[in-house]
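Engineer: Need the 3D shape of this:
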Amino acid sequence: MYVSRNGLVAFIIIALVFSPQSQASSFLSSFLNKLKVEKSTKSTSTGSAKKVDLVKNLSCQFSGYSKTGPAAQDIEFIDEEKTVCDPLSNQVVDSSESGLLGKLLLKSNSMQAKTTSVLEYHEKGIRLEQNLYFADINVPTRRFDKGFENRAGDVLVDTNGEKLIENFAIEYSSSLRLQASDKPGHYEISLLSDDGARLFALQNGAWSEIVNNDGVHQTRMGCAYKTVYLDHASEIPIKVLYYQGPRYHIANVMMWKLHKKSKTWKQPARHSLCGIMGNSVFFNENKKGDTLAMKVLNRQGWAIVAPQNFKMPEQTPNPCIDESLKVTNFKIDEIGSGYAILSWTTNVPSTSQIKISANSQSYTSPLDENMVMEHVVRIDGLERGYTYTVQAISTDANGVEALSPPPPVSFDQ
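Structural biologist: The predicted structure follows:
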């Protein structure tokens, strides 16, 4: 006979009502115990599925290598006496293809006593043979009394034999480009400089002036006549002419702002903060944090052009590089059934290791102690239907560890 759950409960209540107290109590106790056993049995048989162990079958096989050196005829020996590394900000780049090449020009006897234009340095100044290498154009307003020191430790002097801290010009050469994270579009460029600075760009086979912030003045924001279009295939050659008049303050900062459409300005000084000047307006070396003017510019979408946006001129590697261990170009090379092949690059020889995460589980591979610069790993034992996240780990000969930069590499099986 079939009795529904509700019917069974009703039957129990009736039985309890018409049974003696002792019998009712015994019956109820027996029934409740039976329910507990049935519930426990059902829970065990129909519980949640067993959690899959996604890491116990994983294995890693490393096969890294180091690139062979250049042929003897391709080696460029750096002249330490003619090499000056970023004398204005002491920054270095992480790649020899990044940065700007600079030439130093001194004031000559044929120039006016009070020079008011950087073009006079360009046309009549004394061009020194030293090469200056810069990471970027980012020198906030500050005092300049250190001078220019070459890699041999010598400080450059002017025509009077004095330390060179005033009355000089720098001609920067580089190419502007976008990083992967930058959006293509029309960029307005500005120069915050003390004293004069001018920007030229090579477009359609001809040089054109983009920014004119020339003259003797405190830190002033000079803005563009027109926007410059950049996409991820663009490399626009540029020249920046900058000069420092009388001591002591210097400033030279390149900023840009993205626009959706091409724009031109007949009078660039009449928008944003263009034309505003003062040695403590945009930067204050005595206070931490951004000034009010810089906060306004940031809200308007202005940003300082990053070192990675400058590419050295062709056939001119930047010798002033940061040789600390870095992991770059971490990527997936191949994915197949149950396996994946990944690779990354380090700038110095280092070990290989990876950390794998999936479904709240993690696995760290054994360490491959071979010191290589090109790292390759094959991961086997991956389970279908899950997402795996991988991070590369390398350690150099000095014990310095570097991780692949975020975000980590992820893939589905």
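Engineer: which residues of the stretch 151-300 of the chain fall in strands?
Structural biologist: In the stretch 151-300 of the chain, strands defined by DSSP state E, counting those that start in this stretch lie at 168-176, 185-194, 197-203, 206-213, 220-223, 228-230, 236-244, 249-259, listed in chain order.
Engineer: Same question for the longest one: list its buried residues.
Structural biologist: To tie it back to what came earlier, the one meant is strand 249-259. Neighbour-count burial for strand 249-259 flags 249, 250, 251, 252, 253, 254, 255, 256, 257, 258 (criterion: 16 or more other Cβ atoms under 10 Å). For every residue, glycine as well, the C-beta is placed using N, CA and C.
Engineer: mind putting those in TSV, pLDDT and distance to residue 195 included?
Structural biologist: What follows is the buried residues of strand 249-259, written out as TSV (pLDDT from 0 to 100; distance: Cβ to Cβ, whole Å):
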residue	pLDDT	distance to residue 195
249	85	9
250	90	8
251	92	9
252	95	9
253	96	14
254	98	16
255	98	18
256	98	22
257	97	24
258	97	28
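Engineer: Which residue, other than its chain neighbours, is closest to residue 382?
Structural biologist: Counting by Cβ to Cβ, 6 or more residues apart in numbering, residue 413 is the residue found nearest to residue 382 once chain neighbours are left out, at 4.7 Å.
Engineer: shaky segments in the stretch 1-150 of the chain?
Structural biologist: 1-50, 67-79 (pLDDT under 70).
Engineer: how about the strands in it?
Structural biologist: Under the criterion DSSP E, counting those that start in this stretch, the stretch 1-150 of the chain contains strands at 59-62, 83-85, 100-106, 126-134, 138-143.
Engineer: Would you mind giving those as a markdown table with mean neighbour count added?
Structural biologist: Shown next, in a markdown table, are those (neighbours: other Cβ atoms under 10 Å):
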| stretch | mean neighbour count |
| --- | --- |
| strand 59-62 | 16 |
| strand 83-85 | 20 |
| strand 100-106 | 21 |
| strand 126-134 | 19 |
| strand 138-143 | 19 |
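Engineer: Let me have those in JSON lines, extended by distance to residue 365.
Structural biologist: What follows is the strands of the stretch 1-150 of the chain, written out as JSON lines (distance: least, Cβ to Cβ, whole Å):
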{"stretch": "strand 59-62", "distance to residue 365": "4"}
{"stretch": "strand 83-85", "distance to residue 365": "38"}
{"stretch": "strand 100-106", "distance to residue 365": "41"}
{"stretch": "strand 126-134", "distance to residue 365": "39"}
{"stretch": "strand 138-143", "distance to residue 365": "40"}
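Engineer: To residue 198, which of those strands lies closest?
Structural biologist: The closest of the strands of the stretch 1-150 of the chain to residue 198 is strand 100-106. By Cβ to Cβ, the value is 13.6 Å.
Engineer: Show me what that closest one is packed up against.
Structural biologist: On a contact count with 3 or more Cβ pairs under 8 Å, 6 or more residues apart in numbering; DSSP states H and E, strand 100-106 meets strand 126-134, strand 168-176.
Engineer: Dump it to CSV, restricted to CA.
Structural biologist: Once non-C-alpha atoms are left out, strand 100-106 reads as follows in CSV (Å, rounded to 0.1, in the frame of the first residue of the first chain):
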residue,chain,number,x,y,z
LEU,A,100,66.0,59.4,-26.8
LEU,A,101,69.3,60.4,-28.2
GLY,A,102,70.5,63.9,-27.3
LYS,A,103,73.2,66.2,-28.6
LEU,A,104,74.6,69.0,-26.4
LEU,A,105,75.1,72.5,-27.8
LEU,A,106,77.1,75.3,-26.0
